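Peer 1: sequence and predicted model, in that order:
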Amino acid sequence: MGRRISAQPHTPTSSARPSLDAPRSLASSPNPGSANLGPPPVGGPSKRANRAALREYYNLKKAGGTPSLEVTDDSDRVAEYSEVPPSELDAAEFDAEAALDAEKKALVYDNYSKLISATETIRKMRANMDPLNPMASTLDPAIAGIYAQASSIREELRNKVAPPDSKERLDGDAAARKRRTRQLAQEVLAMPERLRGLVKEGKLEEAKTEWELPRRLLEVWKEKGLGGKDVLECIEEGDAALTGGTGQNSQRASKESGRS
């Protein structure tokens, strides 16, 4: 009895060669700010944003049903409580949006500077060419046009980029830090309600993961004496949410919210 050979045709596997149709990187895009970066990853605010949120003096208003948080203490030493060593990104004057915009303009400025240098090199090479060569004379107008255009664009970019120590730049950085601090505090104080929703949907592990970083930040605030009873209530509500409870403070906050 001979071997039975399957008549099923062999299907070749797909090629492992990478596709050449990959999208351009954001760095090469003329307008990287318009690229869709997608939603931020789930897991709470970053550690860097958490530390930066404690370095200013802000009065946070009560929004929705969440308690308010008032930061009234100097928090420049909050980095001592962090597991991550501070870097230049944690400086009080650092602003991510302004830094990205300045980096983008500086990159364009640098590219045009390189273009000017390349044009100068071509001009020197042209000077060493045979003057009797008919092709040499046709390069002069093109080289002059490229050089003039690159110089004009570079000077325009130089005028648009504000100096780092200018009042306009400093005011913009302070306003951006204030917005980020308020947003961070509101997100942290609203976390217990989100945890209760996740537990209700049966996503207990996801709720525990999301609670780790905000709870650590709240503990730092409590140790520094920031936020008062609102911080203690938020910690209690978050812990109770993971066990299916609501917490006495949460019930009291809900009643106060209902009266208002």
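Peer 2: That came through, no problem. Residues are numbered from 1 along each chain as shown.
Peer 1: CA atoms for contacts and neighbours, from now on please.
Peer 2: Will do.
Peer 1: what bits of the stretch 151-260 of the chain have low per-residue confidence?
Peer 2: Applying pLDDT under 70 to the stretch 151-260 of the chain picks out residues 158, 160-170, 245-260.
Peer 1: quick check: buried residues in the longest helix seen in the chain?
Peer 2: If you go by DSSP state H, the chain has its longest helix at helix 96-127. In terms of neighbour count (16 or more other CA atoms under 10 Å), helix 96-127 has its buried residues at 102, 104-106, 108-109, 112-113, 115-116, 119, 123, 126.
Peer 1: show me what that helix is packed against.
Peer 2: Applying 3 or more CA pairs under 8 Å, 6 or more residues apart in numbering; DSSP states H and E, we find helix 96-127 packed against helix 134-160.
Peer 1: mind giving me the packing neighbours of the helix it packs on?
Peer 2: helix 96-127.
Peer 1: tell me the mean pLDDT over the helix it packs on?
Peer 2: Here helix 96-127 scores 74 as its mean pLDDT.
Peer 1: where along the stretch 151-260 of the chain do the helices fall?
Peer 2: In the stretch 151-260 of the chain, helices defined by DSSP state H, counting those that start in this stretch lie at 167-189, 191-200, 204-224, 229-242, 248-259, listed in chain order.
Peer 1: the fourth one to helix 191-200, inter-axis angle?
Peer 2: Spelled out, it's helix 229-242. Here the directions of helix 229-242 and helix 191-200 differ by 0 degrees (axes from the mean of the first three to the mean of the last three CA atoms, to 10 degrees).
Peer 1: same for helix 229-242, what does it pack against?
Peer 2: helix 191-200, helix 204-224, helix 248-259.
Peer 1: from these, which stretch is densest packed?
Peer 2: Counting by mean count of other CA atoms under 10 Å, helix 191-200 has the highest mean neighbour count of these, with a mean of 20.
Peer 1: packing partners of that one?
Peer 2: Counting contacts by 3+ CA pairs under 8 Å, 6+ apart, helix 191-200 is packed against helix 204-224, helix 229-242.
Peer 1: need the residues that contact it.
Peer 2: Outside helix 191-200, the residues within contact range by CA atoms under 8 Å, 6 or more residues apart in numbering are 204, 206-207, 210-211, 214, 234, 237-238, 241-242, 244.
Peer 1: right, I'll call it a day here.
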